[in-house]
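Undergrad: have a look at this prediction, sequence included:
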Amino acid sequence: MPLYTVTTQAGVLGGEVKAKFAGALTKLHSEYAGVPGNWVHIVFQDYPPGSGFTAGKASATAALTLLIRSGRSADYKRGLLKRLWALFQDATGAPDDEIVIGIQEVPASQAMEMAQIMPDISDQ
Amino acid sequence: MPLYTVTTQAGVLGGEVKAKFAGALTKLHSEYAGVPGNWVHIVFQDYPPGSGFTAGKASATAALTLLIRSGRSADYKRGLLKRLWALFQDATGAPDDEIVIGIQEVPASQAMEMAQIMPDISDQ
Amino acid sequence: MPLYTVTTQAGVLGGEVKAKFAGALTKLHSEYAGVPGNWVHIVFQDYPPGSGFTAGKASATAALTLLIRSGRSADYKRGLLKRLWALFQDATGAPDDEIVIGIQEVPASQAMEMAQIMPDISDQ
């Protein structure tokens, strides 16, 4: 953890942009959260035109969701959201009304990585 | 928010059906929740035959998940589920045992849209 | 519920492996949770090479997330994670640092299946 899922219309993020964005996201998250870079997993899920909608109309809706361990402060999460927004909008070029970002949480005991149940935030 | 993710086997929902279903979903959610239509984001994620399973057998499993801000009553969510079920079954034609719907929640402070951290339910 | 989403790089899990893994997952979950096999839904979402990243580098990151009703004990979930890890690593052949598993929960009242709002864990 984190596990980032980046959902955009096919063609919005080309191969080089994905690689660059993934690098920037990994650096941001690793530094901001104080966790090793190899904890950061990112998957891009493209959808074809006609499969994204905002306000009931076909649009290149850009959604970024991330799954983290619970235990971080509200301030931590607000600060992360704002930084992610800037990076994501820069990568996609999407207007404000086509971007949505959500931080989902699971208790550390409900996540497994490196063949280990994840440690609590306070224990690491 | 909401962010709807509609996962069906490729071919189940054609382009016109997606557009019609997205329109109906947006209208339902906007009216039911009392939020502007442009808060409603929908992404369809198709998977190829042989990638969906129910009861361990390949099937055209139809999953609809939505991510909303926490703070709504249990009654609100039960009412929404029933309305979504009717719309989703009508669009997919799937039998009862191949449909699953789940409402996931995040605190408003963990979601960002329109370049703003989302307001709490009670504040809007 | 559960709803399993298995996200791997295209080519990692072929059709036969998906079917075998889905069967094993369904059997495991059904026995471990004491629920009927037809409650178990699984969707595989493949992504093309260059769309998965670990530590900021392109990699065949393998993510398994499952959505269950809340109400299970921490021990239950830890035991499930370990069993899932073994099955998932066996199916994908992925090294420890490219696998991530997370258990997400929703209250039973926020999920609908078989045309019914789900019963609480203690009621079934």
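TA: Sure thing, it's come through.

Undergrad: what is the burial count for the nearest residue to A:Glu105 once chain neighbours are set aside?
TA: In this structure, A:Glu105 finds its nearest non-sequential neighbour in A:Ser70, 3.9 Å apart by CB to CB, 6 or more residues apart in numbering or on different chains. C-beta: built from backbone N, CA, C; applies to glycine. Neighbours of A:Ser70 under the rule other CB atoms under 10 Å in any protein chain shown: 14.

Undergrad: now swap in the one 3 residues further on and tell me
TA: Neighbour count of A:Ser73, defined by other CB under 10 Å: 9.

Undergrad: same question, the one 10 residues further on
TA: The number of residues packed around A:Arg83, counting by other CB under 10 Å, is 15.

Undergrad: tell me who's in contact with the nearest residue to it once chain neighbours are set aside.
TA: Nearest-residue entry for A:Arg83: A:Leu28, 5.8 Å, with adjacent residues in sequence omitted and distances by CB to CB, 6+ apart. A:Leu28 sits next to A:Arg83, A:Leu84, A:Leu87 when contact means CB atoms under 8 Å, 6 or more residues apart in numbering or on different chains.

Undergrad: ditto for A:Phe88
TA: A:Phe88 sits in contact with A:Val6, A:Phe21, A:Ala62, A:Leu64, A:Ala94, A:Ile99, A:Ile101, where contact means CB under 8 Å, 6+ apart.

Undergrad: mind doing that once more with 10 Å?
TA: Contacts for A:Phe88 (CB atoms under 10 Å, 6 or more residues apart in numbering or on different chains) come out as A:6, A:8, A:21, A:24-25, A:62-64, A:94, A:99-101, B:112.

Undergrad: would you mind giving the contacts of A:Leu28 as a markdown table with secondary structure added?
TA: A markdown table is the format used below for those (DSSP: H, G, I helix; E, B strand; the rest coil):
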| residue | secondary structure |
| --- | --- |
| A:Arg83 | helix |
| A:Leu84 | helix |
| A:Leu87 | helix |
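
Undergrad: and the residues you listed, which is closest to C:Arg78?
TA: Checking these against C:Arg78 by CB to CB gives A:Leu84 as the nearest, at 30.0 Å.

Undergrad: okay, now A:Gln116: neighbour count?
TA: 12.

Undergrad: for chain A, which spans come out with low pLDDT?
TA: For chain A, the stretches flagged by pLDDT under 70 are A:123-124.

Undergrad: find the closest residue to chain C in it.
TA: Distances between chain A and chain C by CB to the nearest CB are smallest at A:Thr26, namely 3.5 Å.

Undergrad: now do that residue against A:Gly52, distance only.
TA: 25 Å (CB to CB, to the nearest Å).

Undergrad: same thing with A:Ala94?
TA: Distance from A:Ala94 to A:Gly52, by CB to CB: 11 Å.

Undergrad: returning to what we had before: pretty sure the residue nearest to A:Glu105 is touching A:Gln110, no?
TA: Yes - the criterion here is CB atoms under 10 Å, and A:Ser70 meets it with A:Gln110 at 9.0 Å.

Undergrad: tell me where chain A has helices.
TA: For chain A, the helices defined by DSSP state H occupy A:15-33, A:74-92.
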